[in-house]
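> sequence unknown, structure follows:
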């Protein structure tokens, strides 16, 4: 899932400074689950923005609407009428959702209310960790299902760096475990330690975003 | 039933005097501020009831809202109160470890701390929102906490958002008709 967090109120006030009637759009998928941009968070942020603007002597009118997914035109369509009667849109979606709205409503300013953070999982209630970088060339099968590209701060592919202490990463000690410690234990427990005898050549980063924004076309499913 | 205005009438005053006092409290200087106390069913609400039954006096600014548990209190309900010009919000839950639903009050505590930070960001200030913990038998504590909150609000002055007109928030609140439906009806 995509994990995001709300921008500070001061930044939202700054981007909306020139508008007096704004549509706050929530997204009912990833950012709802990570408690950043669902219906409830949109409501809280809308109250906060309205009050802050009133205190500044420049009241703002805010309409709220949360759709199932902001990254699909099918759902964005539901916003058309509401978008029309507002000066601008404040999107509580990931970066993909914000850009989808901007493409769909070319004459309306669209602003981002969230900072999109990473692809991650829910570790426990209200704790998320990053698990995938979307590098485009997955190596998880070789490393027991633990990603050294994402979870090792140095992206080491041929063993640990030697800087970890007490099984913890030296870059973010003590919060983050050493990915290579996890990989070794995992491969040991599933009897695949021989995977580590293979020497990985330098990773080809072209399938990642280093070559610019990526695109996938599945000809067999096109209409 | 809890009616704190009745309970604040001066002891021994005649019914007429009491009525006049209550009216003055609602409109005059004593009643100038408005505080909402969200009271948990299992402790603070009963404590407030007990305070009433004992004829204990506490400030007339307070309006009690009965909630099933402080953990059930939505964050935006608190913000709605402030947007409507309420000067202070007191959230009264069970003693820590004594929640009827085990940890509703602990969850409320964390959420309210986040809300206090948001009130700072908004510019209203975190002191207008406070959580207190008490048991159903602690009527004097309830009265004390209410008095403290009233003193805080008097020190901070009125909510600057008071009387800022009709609120668009009500139109689009999630419990009401969704904006799209309204828009379609109006076109």
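Thanks, I have it. The structure displayed is predicted, hence computed values, not measured ones.

> Now look at the longest strand along chain A and say if it contacts chain B.
Scanning chain A for the strand with the most residues, using DSSP state E, yields strand A:114-124. No. Applying Cβ under 8 Å from any Cβ of the partner chain, one finds strand A:114-124 out of contact with chain B, separated by at least 13.9 Å. To be clear about C-beta, it is placed using only N, CA and C from the backbone, and glycine gets the same treatment.

> and that strand, what does it pack onto?
Counting contacts by 3 or more Cβ pairs under 8 Å, 6 or more residues apart in numbering or on different chains; DSSP states H and E, strand A:114-124 packs against strand A:2-6, strand A:127-132.

> Repeat the analysis, applying 10 Å as the threshold.
Other elements packing on strand A:114-124 under the criterion 3 or more Cβ pairs under 10 Å, 6 or more residues apart in numbering or on different chains; DSSP states H and E are strand A:2-6, helix A:30-33, strand A:88-92, helix A:95-104, strand A:127-132, helix A:148-151.

> Who does that strand pair with, and is each partner parallel or antiparallel?
strand A:2-6 (antiparallel), strand A:127-132 (antiparallel) (DSSP bridges).

> What ranges does chain B have for its strands?
For chain B, applying DSSP E gives strands covering B:35-40, B:62-67, B:88-93, B:129-133.

> list the buried ones in the second one?
For strand B:62-67, the neighbour count (16 or more other Cβ atoms under 10 Å in any protein chain shown) marks B:62, B:64, B:67 as buried.

> Please apply the same query to the third one.
Within strand B:88-93, the residues that count as buried by 16+ other Cβ under 10 Å are B:88-93.

> closest to chain A among those residues?
residue B:89 (12.9 Å; Cβ to the nearest Cβ).

> Tell me the bridge partners for the nearest residue to residue A:132 once chain neighbours are set aside.
Closest residue to residue A:132 apart from its sequence neighbours, by Cβ to Cβ, 6 or more residues apart in numbering or on different chains: residue A:119 at 4.2 Å. Note on residue A:119: beta-bridge partners residue A:2, residue A:132, judged by DSSP bridges.

> Can you name the residues that contact residue A:119?
A:1-3, A:30, A:94, A:128, A:130-134, A:150 (Cβ atoms under 10 Å, 6 or more residues apart in numbering or on different chains).

> quick one, the longest helix anywhere in chain A and strand A:114-124 angle?
Ranked by residue count, the top helix of chain A under DSSP state H comes out as helix A:39-55. Calculated by axes from the mean of the first three to the mean of the last three Cα atoms, to 10 degrees, helix A:39-55 forms an angle of 140 degrees with strand A:114-124.

> Could you confirm whether helix A:39-55 reaches chain B?
Yes. Interface with chain B: helix A:39-55 contributes A:39-55 (Cβ under 10 Å from any Cβ of the partner chain).

> Selecting buried members of those in PyMOL, what would you type?
Those of the residues of helix A:39-55 next to chain B that count as buried under 16+ other Cβ under 10 Å are selected in PyMOL with:
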select buried, chain A and resi 39+40+41+42+43+44+45+46+47+48+49+50+51+52+53+54
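
> Not counting stretch A:215-223 itself, show me its contacts.
residue A:136.

> averaged over its residues, what pLDDT does that stretch have?
Averaged across stretch A:215-223, the pLDDT comes to 95.

> right, so the helices and strands packed on strand A:114-124: which one is the most enclosed?
strand A:88-92 (a mean of 26; mean count of other Cβ atoms under 10 Å in any protein chain shown).

> wait, does that one contact chain B?
No. On the criterion Cβ under 10 Å from any Cβ, strand A:88-92 is out of touch with chain B, staying 12.7 Å away.

> and that strand, which strands flank it?
Using DSSP bridges, strand A:88-92 pairs in its sheet with strand A:21-27 (parallel), strand A:110-112 (parallel).

> that older thread, which of the buried residues of strand B:62-67 sits closest to chain A?
Using Cβ to the nearest Cβ, residue B:67 is the member of the buried residues of strand B:62-67 that lies nearest chain A, at 17.0 Å.

> residues in contact with the closest residue in space to residue A:112 that isn't next to it in sequence?
For residue A:112, ignoring the flanking residues on the chain, the nearest one in space by Cβ to Cβ, 6+ apart is residue A:98 at 4.6 Å. Applying Cβ under 10 Å, 6+ apart to residue A:98 gives the contacts A:25, A:27, A:70-71, A:89-92, A:110-114, A:116.
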